[in-house]
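Peer 1: curious how this folds, go ahead:
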Amino acid sequence: VYTGNDLGSLERLWKYYPDCCTLTRMVATGGESYYVRITSTTGFEISKPGFFELGFVPYTTDNDDFAEADDVGPVWSATLAADLSPATLEPGEPVHSTQQTRHSAWWRWTAPSDAHLSVDKAVSWPGSGELKVYSGSSLDQLVAPEGEWGWIPVDAGKDYYIVAYDRGSDPYVEFSLQANPRPPTNDTFLDAVSLGSVDYFAQRLTFLGAATELGEPRHHPDITVAHTRWWVWEADTRKNVTVSFGPAYRESMVAVYRGNSLDSLELVEVDWDHIAQVTFAAEPGERFQIVLGRNEAAPPAEFNLQTSDPPRGDRFDEPIDLGSITSTRIDASLGEATHSPDDPGTGRSLWWRWVAPHDGYLDVGFLLNQGGRLFRGSVLETLEKLAGSSFVTGGDEYRLLVANYPQIGGKWAFHKAPPNDFF
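Peer 2: The predicted structure follows:
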(Lines give C-alpha, C1' and ligand atoms only; values in the text may rest on other atoms or scores of the structure.)
Protein backbone atom coordinates (compact mmCIF):
# COMPACT_ATOMS: atom_id res chain seq x y z
CA VAL A 1 0.00 0.00 0.00
CA TYR A 2 1.43 3.37 -1.08
CA THR A 3 0.69 7.09 -1.01
CA GLY A 4 1.98 9.57 -3.59
CA ASN A 5 1.15 11.26 -6.89
CA ASP A 6 3.42 9.35 -9.32
CA LEU A 7 5.77 6.37 -9.40
CA GLY A 8 8.78 8.45 -8.43
CA SER A 9 7.17 9.83 -5.28
CA LEU A 10 5.41 6.75 -3.92
CA GLU A 11 5.86 6.13 -0.21
CA ARG A 12 5.27 2.60 1.00
CA LEU A 13 3.00 2.34 4.02
CA TRP A 14 2.53 -1.42 4.27
CA LYS A 15 4.00 -4.57 2.77
CA TYR A 16 3.01 -8.13 3.47
CA TYR A 17 3.77 -11.61 2.10
CA PRO A 18 0.71 -13.71 2.96
CA ASP A 19 0.50 -17.39 2.09
CA CYS A 20 -3.27 -17.10 1.65
CA CYS A 21 -6.22 -15.06 2.77
CA THR A 22 -4.34 -12.90 5.32
CA LEU A 23 -5.77 -9.55 6.37
CA THR A 24 -3.69 -6.41 6.05
CA ARG A 25 -5.04 -3.45 8.02
CA MET A 26 -4.03 0.20 8.24
CA VAL A 27 -5.50 3.52 9.30
CA ALA A 28 -6.38 5.78 6.35
CA THR A 29 -6.71 9.57 6.34
CA GLY A 30 -9.83 11.15 4.83
CA GLY A 31 -9.23 12.71 1.40
CA GLU A 32 -5.91 10.92 0.87
CA SER A 33 -5.38 8.68 -2.20
CA TYR A 34 -3.86 5.23 -1.71
CA TYR A 35 -2.47 2.72 -4.21
CA VAL A 36 -2.64 -1.04 -3.67
CA ARG A 37 -0.03 -3.04 -5.55
CA ILE A 38 -0.26 -6.82 -5.93
CA THR A 39 2.76 -8.81 -7.16
CA SER A 40 3.46 -12.50 -7.69
CA THR A 41 6.42 -14.25 -6.12
CA THR A 42 8.73 -16.73 -7.87
CA GLY A 43 6.98 -20.01 -8.57
CA PHE A 44 3.50 -18.61 -8.01
CA GLU A 45 0.81 -19.72 -10.48
CA ILE A 46 0.36 -16.40 -12.28
CA SER A 47 -2.43 -17.79 -14.46
CA LYS A 48 -4.50 -18.94 -11.48
CA PRO A 49 -7.40 -16.49 -10.84
CA GLY A 50 -7.77 -14.84 -7.46
CA PHE A 51 -9.34 -11.84 -5.80
CA PHE A 52 -8.84 -9.32 -3.06
CA GLU A 53 -11.32 -7.40 -0.94
CA LEU A 54 -11.05 -3.82 0.25
CA GLY A 55 -13.26 -2.73 3.14
CA PHE A 56 -13.50 0.68 4.80
CA VAL A 57 -14.99 1.60 8.18
CA PRO A 58 -15.07 5.35 8.94
CA TYR A 59 -14.12 6.55 12.39
CA THR A 60 -14.05 9.83 14.20
CA THR A 61 -11.41 11.53 16.36
CA ASP A 62 -13.52 14.32 17.87
CA ASN A 63 -15.15 12.24 20.63
CA ASP A 64 -12.16 12.28 22.99
CA ASP A 65 -14.13 13.63 25.98
CA PHE A 66 -17.33 12.43 27.60
CA ALA A 67 -19.09 15.73 26.85
CA GLU A 68 -18.15 15.39 23.15
CA ALA A 69 -19.48 11.83 22.79
CA ASP A 70 -20.61 11.01 19.25
CA ASP A 71 -24.40 10.69 19.13
CA VAL A 72 -25.31 7.32 17.62
CA GLY A 73 -29.03 8.00 18.04
CA PRO A 74 -31.88 5.56 18.81
CA VAL A 75 -30.75 2.88 16.34
CA TRP A 76 -31.15 -0.89 16.67
CA SER A 77 -27.72 -1.66 15.19
CA ALA A 78 -24.56 0.12 14.08
CA THR A 79 -20.90 -0.53 13.24
CA LEU A 80 -18.44 1.95 14.76
CA ALA A 81 -14.67 2.40 14.82
CA ALA A 82 -12.00 4.66 16.30
CA ASP A 83 -8.27 5.31 16.19
CA LEU A 84 -7.48 5.89 19.85
CA SER A 85 -3.88 7.04 19.36
CA PRO A 86 -4.69 10.81 19.44
CA ALA A 87 -7.25 10.39 22.25
CA THR A 88 -6.51 11.04 25.92
CA LEU A 89 -7.96 10.34 29.35
CA GLU A 90 -9.77 13.28 30.93
CA PRO A 91 -9.81 14.29 34.61
CA GLY A 92 -12.44 12.42 36.60
CA GLU A 93 -12.83 9.63 34.02
CA PRO A 94 -13.82 6.28 35.59
CA VAL A 95 -11.29 3.48 35.87
CA HIS A 96 -12.37 1.27 32.97
CA SER A 97 -9.93 -1.57 33.61
CA THR A 98 -7.53 -2.90 36.23
CA GLN A 99 -4.81 -2.62 33.57
CA GLN A 100 -3.21 0.65 32.53
CA THR A 101 -5.36 2.74 30.19
CA ARG A 102 -3.88 5.54 28.07
CA HIS A 103 -6.58 6.61 25.59
CA SER A 104 -10.39 6.68 25.41
CA ALA A 105 -13.20 7.78 23.07
CA TRP A 106 -16.96 8.07 23.75
CA TRP A 107 -20.30 7.41 22.01
CA ARG A 108 -23.82 8.18 23.23
CA TRP A 109 -26.68 5.83 22.33
CA THR A 110 -30.38 6.24 23.16
CA ALA A 111 -32.44 3.08 23.71
CA PRO A 112 -35.31 3.06 21.15
CA SER A 113 -37.40 0.90 23.50
CA ASP A 114 -36.99 -1.41 26.47
CA ALA A 115 -34.35 -3.76 25.09
CA HIS A 116 -31.18 -5.74 25.63
CA LEU A 117 -27.97 -4.18 24.29
CA SER A 118 -24.86 -5.98 23.08
CA VAL A 119 -21.58 -4.28 22.14
CA ASP A 120 -19.02 -6.61 20.55
CA LYS A 121 -15.57 -6.08 19.05
CA ALA A 122 -15.07 -6.97 15.40
CA VAL A 123 -13.68 -10.44 14.78
CA SER A 124 -11.50 -9.56 11.76
CA TRP A 125 -9.33 -6.86 13.36
CA PRO A 126 -10.31 -6.18 16.96
CA GLY A 127 -7.17 -4.21 17.82
CA SER A 128 -6.18 -3.70 21.46
CA GLY A 129 -9.08 -1.37 22.22
CA GLU A 130 -11.63 -2.54 24.78
CA LEU A 131 -15.26 -1.52 25.32
CA LYS A 132 -17.50 -0.70 28.26
CA VAL A 133 -21.09 0.54 28.58
CA TYR A 134 -22.22 3.09 31.18
CA SER A 135 -25.44 4.81 32.22
CA GLY A 136 -25.52 8.25 33.79
CA SER A 137 -25.47 11.92 32.70
CA SER A 138 -22.02 13.02 33.89
CA LEU A 139 -18.59 11.51 34.50
CA ASP A 140 -19.06 11.38 38.28
CA GLN A 141 -22.43 9.61 37.97
CA LEU A 142 -21.51 6.84 35.54
CA VAL A 143 -22.52 3.28 36.46
CA ALA A 144 -21.70 0.17 34.45
CA PRO A 145 -24.93 -1.94 34.27
CA GLU A 146 -24.58 -5.70 34.50
CA GLY A 147 -25.96 -8.08 31.90
CA GLU A 148 -26.30 -11.75 31.02
CA TRP A 149 -23.84 -13.21 28.51
CA GLY A 150 -22.88 -9.65 27.51
CA TRP A 151 -26.48 -8.51 26.92
CA ILE A 152 -27.36 -5.49 29.05
CA PRO A 153 -31.00 -4.56 29.88
CA VAL A 154 -31.71 -0.96 28.80
CA ASP A 155 -34.74 1.31 29.26
CA ALA A 156 -36.63 3.13 26.50
CA GLY A 157 -35.52 6.73 25.92
CA LYS A 158 -32.55 6.52 28.28
CA ASP A 159 -29.03 7.53 27.19
CA TYR A 160 -26.16 5.07 27.48
CA TYR A 161 -22.48 5.79 26.92
CA ILE A 162 -20.03 3.46 25.22
CA VAL A 163 -16.36 4.04 25.86
CA ALA A 164 -13.52 2.51 23.83
CA TYR A 165 -10.24 2.51 25.75
CA ASP A 166 -6.77 1.34 24.78
CA ARG A 167 -4.55 -0.87 26.90
CA GLY A 168 -2.17 -2.26 24.27
CA SER A 169 0.06 -1.53 21.31
CA ASP A 170 -2.64 -1.35 18.61
CA PRO A 171 -4.76 1.72 19.45
CA TYR A 172 -7.63 0.87 17.13
CA VAL A 173 -11.07 -0.51 17.84
CA GLU A 174 -13.93 -1.59 15.60
CA PHE A 175 -17.17 -2.80 17.12
CA SER A 176 -20.84 -3.50 16.49
CA LEU A 177 -23.83 -2.35 18.49
CA GLN A 178 -27.03 -4.40 18.49
CA ALA A 179 -30.23 -4.07 20.49
CA ASN A 180 -33.12 -6.55 20.76
CA PRO A 181 -36.56 -5.46 22.07
CA ARG A 182 -37.50 -6.58 25.59
CA PRO A 183 -39.65 -8.61 25.49
CA PRO A 184 -39.09 -9.60 21.85
CA THR A 185 -41.78 -8.36 19.45
CA ASN A 186 -42.55 -11.96 18.45
CA ASP A 187 -42.78 -13.43 21.94
CA THR A 188 -46.33 -14.73 21.33
CA PHE A 189 -48.05 -16.66 18.55
CA LEU A 190 -50.31 -13.71 17.62
CA ASP A 191 -47.28 -11.39 17.37
CA ALA A 192 -45.31 -13.69 15.04
CA VAL A 193 -42.99 -11.80 12.68
CA SER A 194 -44.04 -12.25 9.06
CA LEU A 195 -41.24 -13.35 6.73
CA GLY A 196 -43.52 -13.16 3.68
CA SER A 197 -42.31 -15.60 1.02
CA VAL A 198 -38.58 -14.87 1.28
CA ASP A 199 -36.17 -17.44 -0.11
CA TYR A 200 -33.48 -16.56 2.43
CA PHE A 201 -33.51 -15.03 5.90
CA ALA A 202 -30.84 -14.81 8.61
CA GLN A 203 -30.93 -13.18 12.03
CA ARG A 204 -28.71 -13.43 15.08
CA LEU A 205 -30.90 -13.40 18.18
CA THR A 206 -31.37 -14.27 21.83
CA PHE A 207 -34.41 -15.14 23.96
CA LEU A 208 -33.81 -12.46 26.58
CA GLY A 209 -37.20 -11.34 27.90
CA ALA A 210 -39.05 -14.10 26.01
CA ALA A 211 -41.31 -16.69 27.62
CA THR A 212 -43.86 -19.33 26.67
CA GLU A 213 -47.57 -18.47 26.66
CA LEU A 214 -50.70 -20.14 28.03
CA GLY A 215 -51.94 -22.83 25.65
CA GLU A 216 -48.66 -23.10 23.74
CA PRO A 217 -47.92 -26.65 22.49
CA ARG A 218 -45.17 -28.65 24.13
CA HIS A 219 -43.48 -28.79 20.70
CA HIS A 220 -41.22 -31.79 21.47
CA PRO A 221 -42.33 -34.96 23.27
CA ASP A 222 -39.15 -35.27 25.35
CA ILE A 223 -38.44 -31.67 26.40
CA THR A 224 -40.11 -28.53 27.72
CA VAL A 225 -38.63 -25.16 26.69
CA ALA A 226 -38.78 -21.99 28.80
CA HIS A 227 -38.37 -19.35 26.06
CA THR A 228 -39.93 -19.24 22.56
CA ARG A 229 -40.19 -16.79 19.65
CA TRP A 230 -42.48 -17.03 16.58
CA TRP A 231 -42.32 -16.33 12.83
CA VAL A 232 -44.74 -17.03 9.95
CA TRP A 233 -43.70 -17.89 6.38
CA GLU A 234 -45.89 -18.44 3.29
CA ALA A 235 -45.01 -20.35 0.11
CA ASP A 236 -45.55 -18.58 -3.21
CA THR A 237 -44.40 -21.59 -5.27
CA ARG A 238 -43.66 -25.25 -4.62
CA LYS A 239 -40.47 -25.33 -2.53
CA ASN A 240 -38.49 -27.19 0.05
CA VAL A 241 -37.65 -25.12 3.11
CA THR A 242 -34.79 -25.62 5.59
CA VAL A 243 -34.87 -23.85 8.95
CA SER A 244 -31.96 -24.00 11.39
CA PHE A 245 -30.94 -22.40 14.68
CA GLY A 246 -27.47 -22.59 16.25
CA PRO A 247 -24.79 -23.37 17.07
CA ALA A 248 -25.83 -22.91 20.67
CA TYR A 249 -24.15 -23.26 24.06
CA ARG A 250 -26.95 -25.65 24.99
CA GLU A 251 -29.52 -27.47 22.85
CA SER A 252 -32.12 -25.40 21.00
CA MET A 253 -35.42 -26.27 19.33
CA VAL A 254 -36.90 -25.60 15.90
CA ALA A 255 -40.55 -26.55 15.29
CA VAL A 256 -42.73 -25.92 12.22
CA TYR A 257 -46.54 -26.01 12.24
CA ARG A 258 -49.55 -25.59 10.00
CA GLY A 259 -52.53 -23.76 11.44
CA ASN A 260 -53.84 -20.27 12.13
CA SER A 261 -54.55 -20.47 15.84
CA LEU A 262 -52.61 -21.75 18.82
CA ASP A 263 -55.16 -24.48 19.60
CA SER A 264 -55.32 -25.83 16.03
CA LEU A 265 -51.61 -26.20 15.23
CA GLU A 266 -50.52 -29.31 13.34
CA LEU A 267 -46.86 -30.25 13.80
CA VAL A 268 -44.90 -30.58 10.54
CA GLU A 269 -41.31 -31.05 11.78
CA VAL A 270 -39.38 -30.56 15.02
CA ASP A 271 -35.71 -30.89 16.04
CA TRP A 272 -33.77 -30.39 19.27
CA ASP A 273 -29.95 -30.15 19.09
CA HIS A 274 -26.93 -27.84 19.38
CA ILE A 275 -27.70 -26.97 15.75
CA ALA A 276 -31.41 -27.68 15.40
CA GLN A 277 -32.51 -28.09 11.77
CA VAL A 278 -35.65 -29.20 9.91
CA THR A 279 -36.54 -29.45 6.22
CA PHE A 280 -40.14 -29.54 5.01
CA ALA A 281 -42.14 -29.44 1.77
CA ALA A 282 -44.28 -26.40 0.96
CA GLU A 283 -47.04 -26.00 -1.61
CA PRO A 284 -48.17 -22.63 -3.09
CA GLY A 285 -50.35 -20.69 -0.64
CA GLU A 286 -49.44 -22.77 2.42
CA ARG A 287 -48.63 -20.84 5.63
CA PHE A 288 -46.24 -22.22 8.22
CA GLN A 289 -45.72 -21.15 11.82
CA ILE A 290 -42.05 -21.37 12.83
CA VAL A 291 -41.12 -21.38 16.50
CA LEU A 292 -37.64 -21.37 18.01
CA GLY A 293 -37.11 -22.30 21.63
CA ARG A 294 -34.50 -22.97 24.29
CA ASN A 295 -34.14 -23.08 28.05
CA GLU A 296 -31.31 -20.51 28.29
CA ALA A 297 -32.18 -16.98 27.17
CA ALA A 298 -28.62 -16.27 26.00
CA PRO A 299 -26.05 -16.34 24.39
CA PRO A 300 -27.14 -15.46 20.83
CA ALA A 301 -27.27 -17.90 17.93
CA GLU A 302 -28.10 -17.73 14.22
CA PHE A 303 -31.61 -18.29 12.85
CA ASN A 304 -31.56 -19.22 9.15
CA LEU A 305 -34.32 -19.96 6.64
CA GLN A 306 -33.49 -21.03 3.10
CA THR A 307 -35.61 -22.43 0.29
CA SER A 308 -34.66 -24.71 -2.59
CA ASP A 309 -36.36 -26.37 -5.52
CA PRO A 310 -37.58 -29.89 -4.68
CA PRO A 311 -35.34 -32.65 -6.07
CA ARG A 312 -36.77 -34.91 -8.79
CA GLY A 313 -39.21 -37.38 -7.29
CA ASP A 314 -39.74 -35.48 -4.04
CA ARG A 315 -43.53 -35.31 -4.56
CA PHE A 316 -45.96 -38.13 -5.44
CA ASP A 317 -47.40 -36.09 -8.32
CA GLU A 318 -43.92 -35.35 -9.71
CA PRO A 319 -42.23 -38.78 -9.66
CA ILE A 320 -39.09 -39.79 -11.50
CA ASP A 321 -40.51 -41.40 -14.64
CA LEU A 322 -38.96 -44.75 -15.57
CA GLY A 323 -41.27 -45.19 -18.57
CA SER A 324 -41.58 -48.92 -19.35
CA ILE A 325 -37.90 -49.77 -19.02
CA THR A 326 -37.18 -53.44 -18.40
CA SER A 327 -33.85 -53.15 -16.60
CA THR A 328 -31.95 -50.32 -14.90
CA ARG A 329 -30.10 -49.44 -11.74
CA ILE A 330 -31.59 -46.89 -9.32
CA ASP A 331 -29.18 -44.77 -7.30
CA ALA A 332 -30.35 -41.75 -5.33
CA SER A 333 -29.57 -39.53 -2.37
CA LEU A 334 -32.37 -38.45 -0.05
CA GLY A 335 -30.32 -35.61 1.44
CA GLU A 336 -32.47 -32.82 -0.08
CA ALA A 337 -35.76 -34.74 -0.09
CA THR A 338 -38.64 -34.01 2.28
CA HIS A 339 -41.60 -35.88 3.74
CA SER A 340 -44.89 -34.85 2.16
CA PRO A 341 -47.85 -34.95 4.57
CA ASP A 342 -49.77 -37.67 2.67
CA ASP A 343 -46.78 -39.95 2.01
CA PRO A 344 -47.01 -43.43 3.54
CA GLY A 345 -44.53 -43.83 6.38
CA THR A 346 -42.28 -41.11 7.79
CA GLY A 347 -39.03 -39.36 6.94
CA ARG A 348 -37.54 -38.03 3.72
CA SER A 349 -38.77 -39.83 0.60
CA LEU A 350 -38.54 -40.03 -3.19
CA TRP A 351 -41.00 -41.47 -5.74
CA TRP A 352 -40.54 -43.32 -9.06
CA ARG A 353 -43.26 -44.14 -11.66
CA TRP A 354 -43.20 -47.14 -14.00
CA VAL A 355 -45.70 -48.68 -16.46
CA ALA A 356 -45.42 -52.42 -17.07
CA PRO A 357 -44.73 -53.08 -20.79
CA HIS A 358 -46.20 -56.62 -20.61
CA ASP A 359 -47.44 -59.12 -18.10
CA GLY A 360 -44.43 -60.36 -16.20
CA TYR A 361 -42.43 -60.26 -13.01
CA LEU A 362 -40.82 -57.20 -11.41
CA ASP A 363 -37.96 -57.66 -8.95
CA VAL A 364 -36.97 -54.68 -6.73
CA GLY A 365 -36.30 -56.67 -3.57
CA PHE A 366 -32.89 -55.08 -2.94
CA LEU A 367 -34.43 -51.60 -2.98
CA LEU A 368 -37.13 -52.70 -0.54
CA ASN A 369 -34.39 -53.76 1.85
CA GLN A 370 -33.31 -50.07 1.90
CA GLY A 371 -36.60 -48.57 2.98
CA GLY A 372 -38.38 -49.01 -0.36
CA ARG A 373 -42.04 -49.85 -0.95
CA LEU A 374 -43.66 -50.98 -4.20
CA PHE A 375 -47.25 -50.03 -5.03
CA ARG A 376 -49.75 -50.61 -7.83
CA GLY A 377 -51.85 -47.58 -8.81
CA SER A 378 -51.71 -43.92 -9.81
CA VAL A 379 -53.80 -42.35 -7.01
CA LEU A 380 -52.13 -41.88 -3.63
CA GLU A 381 -55.23 -42.73 -1.60
CA THR A 382 -55.86 -46.06 -3.38
CA LEU A 383 -52.34 -47.47 -3.75
CA GLU A 384 -52.02 -51.25 -3.38
CA LYS A 385 -48.84 -52.37 -1.64
CA LEU A 386 -46.90 -55.22 -3.32
CA ALA A 387 -44.02 -57.50 -2.42
CA GLY A 388 -40.48 -56.88 -3.67
CA SER A 389 -40.87 -59.58 -6.32
CA SER A 390 -44.36 -59.40 -7.80
CA PHE A 391 -46.39 -60.32 -10.86
CA VAL A 392 -47.31 -57.15 -12.79
CA THR A 393 -49.94 -56.57 -15.47
CA GLY A 394 -49.04 -54.98 -18.79
CA GLY A 395 -50.24 -51.38 -19.05
CA ASP A 396 -50.74 -50.95 -15.30
CA GLU A 397 -48.93 -48.17 -13.42
CA TYR A 398 -46.63 -48.86 -10.46
CA ARG A 399 -44.92 -46.59 -7.94
CA LEU A 400 -41.73 -47.08 -5.93
CA LEU A 401 -41.31 -45.12 -2.71
CA VAL A 402 -37.96 -45.00 -0.91
CA ALA A 403 -37.89 -43.34 2.52
CA ASN A 404 -35.56 -42.80 5.50
CA TYR A 405 -32.39 -44.06 3.79
CA PRO A 406 -29.80 -41.28 3.15
CA GLN A 407 -28.36 -43.12 0.10
CA ILE A 408 -29.94 -45.98 -1.85
CA GLY A 409 -28.86 -48.13 -4.76
CA GLY A 410 -30.25 -51.26 -6.36
CA LYS A 411 -31.39 -53.02 -9.52
CA TRP A 412 -34.79 -52.66 -11.19
CA ALA A 413 -35.44 -55.84 -13.19
CA PHE A 414 -38.51 -56.86 -15.21
CA HIS A 415 -38.98 -60.28 -16.82
CA LYS A 416 -41.72 -60.81 -19.39
CA ALA A 417 -43.97 -63.71 -18.57
CA PRO A 418 -43.68 -66.66 -21.01
CA PRO A 419 -46.84 -67.45 -23.05
CA ASN A 420 -47.40 -70.68 -21.14
CA ASP A 421 -47.01 -69.12 -17.70
CA PHE A 422 -50.59 -69.98 -16.65
CA PHE A 423 -52.70 -73.11 -16.91
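
Peer 1: where does the protein have its least confident helix or strand?
Peer 2: helix 365-368 (a mean of 72; mean pLDDT, DSSP states H and E).

Peer 1: for the nearest residue to Gly365 once chain neighbours are set aside, phi and psi?
Peer 2: Closest residue to Gly365 apart from its sequence neighbours, by CB to CB, 6 or more residues apart in numbering: Gly388 at 3.4 Å. Yep, even glycine has a C-beta here, placed from its N, CA and C like the rest. Main-chain torsions, Gly388, degrees, to the nearest 10: phi -70, psi -30.

Peer 1: tell me the contacts of Gly388?
Peer 2: Neighbouring residues of Gly388 by CB atoms under 8 Å, 6 or more residues apart in numbering: 363-369, 372, 374.

Peer 1: cool, Thr206 as well?
Peer 2: Thr206 neighbours (CB under 8 Å, 6+ apart): 116, 149, 151, 180, 297-301.

Peer 1: neighbour-wise, give me the winner out of those residues.
Peer 2: With neighbours taken as other CB atoms under 10 Å, the top of the contacts of Thr206 is His116, carrying 26 neighbours.

Peer 1: returning to that earlier point: filter the contacts of Gly388 to the buried ones?
Peer 2: 363-368, 372, 374 (16 or more other CB atoms under 10 Å).

Peer 1: low pLDDT regions in the stretch 151-300 of the chain?
Peer 2: Low-confidence segments of the stretch 151-300 of the chain (pLDDT under 70): 167-170, 249.

Peer 1: can you do 80?
Peer 2: Along the stretch 151-300 of the chain, the model assigns pLDDT under 80 to residues 166-172, 248-250, 298-299.

Peer 1: do you have the strands of it handy? List them.
Peer 2: 152-154, 159-166, 172-181, 193-194, 200-205, 227-234, 239-246, 252-258, 266-273, 276-282, 287-294 (DSSP state E, counting those that start in this stretch).

Peer 1: same question, the stretch 301-423 of the chain
Peer 2: Under DSSP E, counting those that start in this stretch, the stretch 301-423 of the chain gives strands at 301-308, 320-321, 327-333, 349-355, 360-363, 372-376, 384-386, 389-392, 397-403, 407-416.

Peer 1: next one: the fourth one to chain centre, how far?
Peer 2: For strand 349-355, the distance between its averaged C-alpha position and the chain's averaged C-alpha position is 33 Å (CA atoms, centre = their mean, to the nearest Å).

Peer 1: which helices and strands does that strand pack with?
Peer 2: Judged by 3 or more CB pairs under 8 Å, 6 or more residues apart in numbering; DSSP states H and E, strand 349-355 is in contact with strand 320-321, strand 397-403.

Peer 1: can you list contacts of that strand?
Peer 2: By CB under 8 Å, 6+ apart, strand 349-355 touches 311-316, 318-325, 330, 332, 334, 337-340, 343, 362, 395-404, 412.

Peer 1: any idea what the residue most central in space within the chain is bridged to?
Peer 2: Nearest residue to the geometric centre of the chain (CA atoms, centre = their mean): Asn304, 2.8 Å. Assessed by DSSP bridges, Asn304 has beta-bridge partners Ala202, Ser244.

Peer 1: tell me if I'm right that it and Ala202 touch.
Peer 2: Yes. Asn304 is within contact range of Ala202, at 5.1 Å (criterion: CB atoms under 8 Å).

Peer 1: quick one: Lys385 and Arg250, what's the gap?
Peer 2: From Lys385 across to Arg250, the span is 43 Å (CB to CB, to the nearest Å).

Peer 1: ok, so of the contacts of Thr206, who is nearest Thr242?
Peer 2: Ala301 (15.9 Å; CB to CB).

Peer 1: just put the helices and strands packed on strand 349-355 in TSV and tack on mean pLDDT and distance to Val72.
Peer 2: Below are those laid out as TSV (pLDDT from 0 to 100; distance: least, CB to CB, whole Å):
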stretch	mean pLDDT	distance to Val72
strand 320-321	94	56
strand 397-403	90	53
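
Peer 1: so of those, which one's packed in deepest?
Peer 2: Across the helices and strands packed on strand 349-355, averaging neighbours per residue (mean count of other CB atoms under 10 Å) puts strand 397-403 on top, at a mean of 21.

Peer 1: relative to strand 407-416, how tilted is that strand?
Peer 2: 160 degrees (axes from the mean of the first three to the mean of the last three CA atoms, to 10 degrees).

Peer 1: check the offset of strand 397-403 from the chain's centre.
Peer 2: Worked out by CA atoms, centre = their mean, strand 397-403 lies 34 Å from the chain centre.

Peer 1: and stretch 188-207, by the same measure?
Peer 2: 12 Å.

Peer 1: quick check: buried residues in it?
Peer 2: Buried residues in stretch 188-207 (16+ other CB under 10 Å): 188-189, 192, 195, 201, 205-207.

Peer 1: show the end-to-end separation of that stretch, please.
Peer 2: By CA to CA, to the nearest Å, the extent of stretch 188-207 from end to end equals 12 Å.

Peer 1: repeat for stretch 91-110
Peer 2: End to end - CA to CA - stretch 91-110 spans 25 Å.

Peer 1: on that earlier part again, same list, the contacts of Thr206, but as CSV with distance to Gly73 please.
Peer 2: Putting these into CSV (distance: CB to CB, whole Å) gives the following:
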residue, distance to Gly73
His116, 18
Trp149, 26
Trp151, 20
Asn180, 17
Ala297, 27
Ala298, 25
Pro299, 26
Pro300, 23
Ala301, 28
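
Peer 1: which of those residues lies closest to Asn240?
Peer 2: Lowest distance from Asn240 to those (CB to CB) belongs to Ala301, with 22.8 Å.

Peer 1: who are the neighbours in contact with that closest one?
Peer 2: Counting by CB under 8 Å, 6+ apart, Ala301 touches 204-206, 245-248, 252.

Peer 1: out of these, which is nearest to Pro284?
Peer 2: Phe245 (26.0 Å).

Peer 1: wait, the closest one sits on Val256?
Peer 2: No. Judged on CB under 8 Å, Phe245 makes no contact with Val256 at a distance of 11.7 Å.

Peer 1: can I get the contacts of Ala301 in a markdown table with distance to Arg218?
Peer 2: Listed next are the contacts of Ala301 as a markdown table, based on distance: CB to CB, whole Å:
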| residue | distance to Arg218 |
| --- | --- |
| Arg204 | 27 |
| Leu205 | 22 |
| Thr206 | 22 |
| Phe245 | 18 |
| Gly246 | 21 |
| Pro247 | 24 |
| Ala248 | 20 |
| Ser252 | 16 |
